[in-house]
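**Student:** Provided below are the primary sequence and the corresponding predicted coordinates.
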Amino acid sequence: MDELLRARFRRYLASLEPAGSEQVIAYLQTLHARNFAPATLDAVTGAVKKFLLLVPASRRVLLSRNLAQTEPRDIDSFITAARDAALAPSTINTKLSLLREFFSFLIAEGAMARQPVLRHRHHAVGGDIVLAYDGFALSTEPPHLASLPSTFPFSVFAQRA
């Protein structure tokens, strides 16, 4: 990656500590070497910045120093904050996909032990959540599944608004 491009991304990643910034720049260098489009590099940078902006402040300091410290609960917090900020489910999913690939890079480099973006758990779905029992809708409010007995026969369906 030429120095002009490197300097540009350093400016975009100014909110990160130097070590955290270097983790992202190393990934961007890998993408650049594989001829990814500049827009993809910008999207990765934007996803990391948005992630750090939306995680709780108590974790933001630690993660800006070392993104390899990211845990699944940080991704949970990010998704919740992104929804609260009215980001579209497709936008959230795109950012999650970019973050998943970035964390896969950190794992391959030996900087991280496990993937914090879990496919079965971290996916934003649009529309209302409906709790159905025997085919009848019981509620359009998000169900409080922890309060239901484990033998309760229900299904959760996502409906497009």
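**Tutor:** Cool, the structure landed.

**Student:** what helices or strands is the lengthiest helix in the chain leaning on?
**Tutor:** Counting residues, the longest helix in the chain under DSSP state H turns out to be helix 89-108. When contacts are defined as 3 or more C-beta pairs under 8 Å, 6 or more residues apart in numbering; DSSP states H and E, helix 89-108 packs onto helix 18-33, helix 38-54, helix 72-84. Bear in mind the C-beta positions are built from the backbone N, C-alpha and C, glycine included.

**Student:** switch the cut-off to 7 Å
**Tutor:** helix 18-33, helix 38-54 (3 or more C-beta pairs under 7 Å, 6 or more residues apart in numbering; DSSP states H and E).

**Student:** which residue would you name as the spatial centre of this protein?
**Tutor:** Leu96 (3.6 Å; C-alpha atoms, centre = their mean).

**Student:** does that one touch Leu118 like I think?
**Tutor:** No. Using C-beta atoms under 7 Å, Leu96 is not in contact with Leu118, being 10.0 Å away.

**Student:** domain-wise, how is the chain divided?
**Tutor:** Listed by automatic domain parsing, the domain ranges of the chain are 3-108, 128-159.

**Student:** turn the ones you listed into TSV, columns for mean pLDDT and distance to Arg114.
**Tutor:** As requested, these are exported to TSV (pLDDT from 0 to 100; distance: least, C-beta to C-beta, whole Å):
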stretch	mean pLDDT	distance to Arg114
domain 3-108	89	7
domain 128-159	46	25
